[in-house]
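Colleague: Attaching a predicted model along with its sequence, questions to come.
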Amino acid sequence: MLLGDIDSFKDFLKLKQLSPKTIKSYTLGLIRFNSPFTQEYINKFLVKHNNTRDRGFLKAYQEYLISEKENLNLSTDQLTEIVNIKFLGLSGRKKRKLIIPLSTREVDILINNLQTEELKLMALLCYNTGLRLQELISIKIGSFDWEKMRENPASMGEVKVLGKGGKEGIALVPNEIIKKVARYIKSRITGGLDSPLFKVGERSFEIKLKEAGIRSRLTRINLETGEPIKETITNPHRLRHSYATNLLKAGVPINTVKELMRHASISSTEVYLHLTKKDIEKEVSEVNY
């Protein structure tokens with residue numbers, strides 16, 4: 001028998017300030033699990049669903065049950081079992097496959113293979129500001145600091161974005177990009193400051209970027225299966241990844257990159273530092289001594 005209910009679990013997740021996307025994912029996880037929260041059922045679940053998303057759901061559901069122990073009338077034995085649950089395969093972080101960053105030249109090639117001005121501007125913003133997909137899609141006309149641009153037209157632009165968990169942040173926009181945004185708004189958009197900057201949705205943008213990557217041959221194809229190689233697929237996350245990596249390659253201090261990426265922890269930024277080290281090792285290994 002499933003402990004608790006979906007609505008109260010969703011309320012718990014909202015209190016944790018998780019993103020709507022994560023809340024939806026964990027809610028679907030609860031629907032798939034639909035079993036007593038015991039070691040036996042969890043082990044069975046993890047055999048089929050041993051991925052980052054479902055492991056995250058299980059941890060969140062465990063926290064929910066412990067926090068709601070009184071409302072759920074859990075016995076001492078039930079609570080002890082829940083607290084002592086072991087998540088097989090959770091003893092360490094899953095090894096990530098490295099995403100291959102794009103060079104600035106490759107980013108230009110990708111953008112040239114996008115078919116509309118709206119898609120090109122979306123990709124330009126995504127790469128040149130390190131925006132997450134959700135941040136990009138949520139931008140409105142009034143998200144930009146237009147007053148700053150009026151006072152100093154040659155300055156960097158600023159755009160207010162909603163990041164993970166609805167956390168508000170500021171992304172810096174290169175001057176040439178903010179001018180492109182202004183021209184785009186003037187020629188394409190008739191609404192007010194609350195109007196969305198882009199009409200293209202998350203899924204559609206992901207598909208168009210993927211198609212442009214294949215057309216431009218930036219995405220590599222597995223010759224045996226005919227499928228794109230995952231690490232080379234062009235998507236918003238790879239553009240963000242490339243932005244951070246290229247900044248570090250250019251010598252921008254890691255703490256500055258952390259702020260530009262709006263990372264909560266420096267450890268998140270250090271992932272990109274490891275990528276640049278791999279490039280250095282490759283270059284050194286090719287030198288003939």
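Modeller: Received, thanks.
Colleague: Phi and psi next, for the residue lying closest to residue 107 once chain neighbours are set aside.
Modeller: In space, residue 107 comes closest to residue 127 once its chain neighbours are excluded; the distance is 5.3 Å by Cβ to Cβ, 6 or more residues apart in numbering. For the C-beta atoms, the positions are set from N, CA and C on the backbone; glycine is no exception. In terms of degrees, to the nearest 10, the main-chain angles of residue 127 are phi -80, psi -50.
Colleague: Now do the same contact list for residue 127.
Modeller: Residue 127 makes contact with 107, 239-240, 242-243, according to Cβ atoms under 8 Å, 6 or more residues apart in numbering.
Colleague: Nearest to residue 31 among these?
Modeller: residue 240 (30.6 Å; Cβ to Cβ).
Colleague: how far away is the closest one from residue 80?
Modeller: 43 Å (Cβ to Cβ, to the nearest Å).
Colleague: Mind checking which of these two has more residues around it?
Modeller: Neighbours per residue, other Cβ atoms under 10 Å: of residue 240 and residue 80, the larger number sits with residue 240, 23 against 10.
Colleague: So for the closest residue to that one other than its chain neighbours, what's the pLDDT?
Modeller: Nearest residue to residue 240, sequence neighbours excluded (Cβ to Cβ, 6+ apart): residue 130, at 5.0 Å. With respect to pLDDT, residue 130 has a value of 93.
Colleague: One more: residue 273?
Modeller: pLDDT, residue 273: 69.
Colleague: With residue 289 instead?
Modeller: So, for residue 289, pLDDT stands at 37.
Colleague: what bits of the chain have low per-residue confidence?
Modeller: Counting by pLDDT under 70, the chain contains low-confidence ranges at 1, 88-98, 165, 273-289.
Colleague: re earlier: out of the contacts of residue 127, which is nearest to residue 69?
Modeller: Relative to residue 69, and with distances defined as Cβ to Cβ, the nearest of the contacts of residue 127 is residue 240, at 39.8 Å.
Colleague: quick one, phi psi at the closest one?
Modeller: Residue 240 adopts backbone torsions of phi -60, psi -40, taken as degrees, to the nearest 10.
Colleague: same deal with residue 171?
Modeller: phi -110, psi 140.
Colleague: hang on, it packs against residue 126?
Modeller: No - judged on Cβ atoms under 8 Å, residue 171 makes no contact with residue 126 at a distance of 10.4 Å.
Colleague: The two: who's more crowded?
Modeller: Using other Cβ under 10 Å, the more surrounded residue of residue 171 and residue 126 is residue 126, with 26 against 23.
Colleague: residue contacts, the more buried one?
Modeller: 133, 136, 236, 239-240.
Colleague: now it, what's its secondary structure?
Modeller: Secondary structure assignment for residue 126 (DSSP: H, G, I helix; E, B strand; the rest coil): helix.
Colleague: which ones are touching the residue nearest to it when sequence neighbours are not counted?
Modeller: Nearest residue to residue 126 in three dimensions, chain neighbours excluded: residue 239, at 4.6 Å (Cβ to Cβ, 6+ apart). If you count contacts by Cβ under 8 Å, 6+ apart, residue 239 has them with 102, 107, 123, 126-127, 209.
Colleague: If we use 7 Å, what do you get?
Modeller: With contact set as Cβ atoms under 7 Å, 6 or more residues apart in numbering, residue 239 has these partners: 123, 126-127.
Colleague: ok, of those residues, which one's closest to residue 85?
Modeller: Using Cβ to Cβ, the contacts of residue 239 come closest to residue 85 at residue 126, 39.5 Å.
Colleague: still on that earlier bit, which element is the residue nearest to residue 126 on?
Modeller: Assessed by DSSP states H and E, residue 239 sits inside helix 236-249.
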